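In: coords please:
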Amino acid sequence: MSAIPLFEEYPALKEKLPYIRLGTLPTPVQKADRLGNALNTSRLYVKRDDLSASEYGGNKP
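Out: You can find the predicted model right below:
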C-alpha cells in the first residue's frame, strides 16, 4: 500500500481506522483525436474520471 497522507500525519490512526481503497488513482488522461479534429485542434485531452472506480461508477466515491 502506498503512503496515505492521513496516516503519515496521524500514525496512531493506522491501528484504529480501517482503510479501504475506493478508487484507482490517478485517473488516466486520453487524447481525443476525433473531437480535437472536429474542433480544429490537435491537442485535446480528456481526463477519464469514469475509470477511477469502476465498481462504483466513476468519480462518485
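In: Centroid-wise, who is the farthest residue in this protein?
Out: Within the chain, Asn40 marks the point farthest from the mean C-alpha position, 28.5 Å out by CA atoms, centre = their mean.
In: and Ile20, how far is that from Arg34?
Out: Ile20 sits 37 Å away from Arg34, going by CB to CB, to the nearest Å. For the C-beta atoms, the positions are set from N, CA and C on the backbone; glycine is no exception.
In: More neighbours: these two, which one.
Out: Arg34 (8 against 5; other CB atoms under 10 Å).
In: Show me the strands in the chain, by range?
Out: In the chain, the strands defined using DSSP state E lie at 29-31, 45-47.
In: which strands and helices sit next to the first one?
Out: Meaning strand 29-31. When contacts are defined as 3 or more CB pairs under 8 Å, 6 or more residues apart in numbering; DSSP states H and E, strand 29-31 packs onto strand 45-47.
In: tell me the average confidence for the strand it packs on?
Out: If you average the pLDDT over strand 45-47, you get 96.
In: Just the C-alphas of stretch 8-17, formatted as CSV.
Out: The C-alpha trace of stretch 8-17 is given here as CSV (Å, rounded to 0.1, in the frame of the first residue of the first chain):
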residue,chain,number,x,y,z
GLU,A,8,1.6,9.9,7.9
GLU,A,9,0.2,12.8,9.8
TYR,A,10,-1.5,10.7,12.5
PRO,A,11,0.3,7.4,12.8
ALA,A,12,-1.9,6.2,15.7
LEU,A,13,-4.9,6.2,13.4
LYS,A,14,-3.4,3.4,11.3
GLU,A,15,-4.1,0.9,14.0
LYS,A,16,-7.6,2.2,14.8
LEU,A,17,-9.1,3.2,11.4
